[in-house]
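any chance you could fold what I've pasted below:
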Amino acid sequence: MNLELEHDLVLQSQSDVHAFTELYEENYPVLLNYVIRRTGDVDLAKDIVSDTFIKAIDNIHRFQWRNVPFAAWLYRIANNEINQYYRSQKKDAISLDLLQENNQFEAQSKRIHDEVHRAQLELEETHAQFIYYQKKIMELPIKYQEVISLRYFEEKSMKEIAEILGKREGTVKSLLHRGLEKLRNLEE
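Numbers count the residues shown, from 1 in each chain. Just a heads-up that it's a prediction; the model follows:
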């Protein structure tokens, strides 16, 4: 979706809840995939993404267009929801290999099933390396997990990551550099 169309939909959504549907349909699959990768739990990811969209629709009137994709705002909300969940649960994230062992990748709807299937295929391509690095990344503080996940799993630019996390680009670059350095130290 181009930025102009997205901008129009956001403006419409601020006064008409039904206009939000297209934004939801466009962003749900990628947001779900991101949250699954961050949490390692399909059911938890569905809950977090649902909460993300509820908060987005409740606060759409506060959203200010800054000529960046609407998804950046959604990623920011999702990151906050993930962090809030882990703070309240005081639990470690579950690894994706445990999910596979428990066959939790079955989804109820076709869209979710397709998205999970795509994620599973990606996982199978680089399974051993992905699991290894995911476990190592989960050992890092959350601030580094966020930046590394957005940069390498979601392939976001520094500018997009800065917008999502509400930080300056220089801070994001620094966090990424430090996070990767800490990751390298964990490998030794």
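
use CA for all of it now, contacts and neighbours both
Noted.

right, and Tyr24 touches Thr52 too?
No - between Tyr24 and Thr52 no contact is recorded; they are 10.5 Å apart, counting by C-alpha atoms under 8 Å.

now the closest residue to Ile142 other than its chain neighbours: which helix or strand?
Once flanking residues are discounted, Ile142 sits nearest to Asn83: 7.8 Å by C-alpha to C-alpha, 6 or more residues apart in numbering. Taking DSSP states H and E as the criterion, Asn83 maps to helix 70-89.

what's the spacing between that helix and its chain's center?
With C-alpha atoms, centre = their mean, to the nearest Å as the basis, helix 70-89 stands 8 Å off its chain's centre.

list the buried residues for that helix?
By neighbour count with 16 or more other C-alpha atoms under 10 Å, helix 70-89 contains the buried residues Phe70, Ala71, Ala72, Trp73, Leu74, Tyr75, Arg76, Ile77, Ala78, Asn79, Glu81, Ile82.

so who does the residue positioned nearest the centre of the chain touch?
The centre of the chain sits closest to Tyr34, judged by C-alpha atoms, centre = their mean, with a distance of 3.5 Å. Counting by C-alpha atoms under 8 Å, 6 or more residues apart in numbering, Tyr34 touches Phe153, Glu154.

how about the secondary structure of it?
Here Tyr34 is recorded as helix under DSSP: H, G, I helix; E, B strand; the rest coil.

what's the spacing between it and Tyr24?
Per C-alpha to C-alpha, to the nearest Å, Tyr34 is found 15 Å from Tyr24.

go on, Glu187?
Distance of Glu187 to Tyr24, given as C-alpha to C-alpha: 39 Å.
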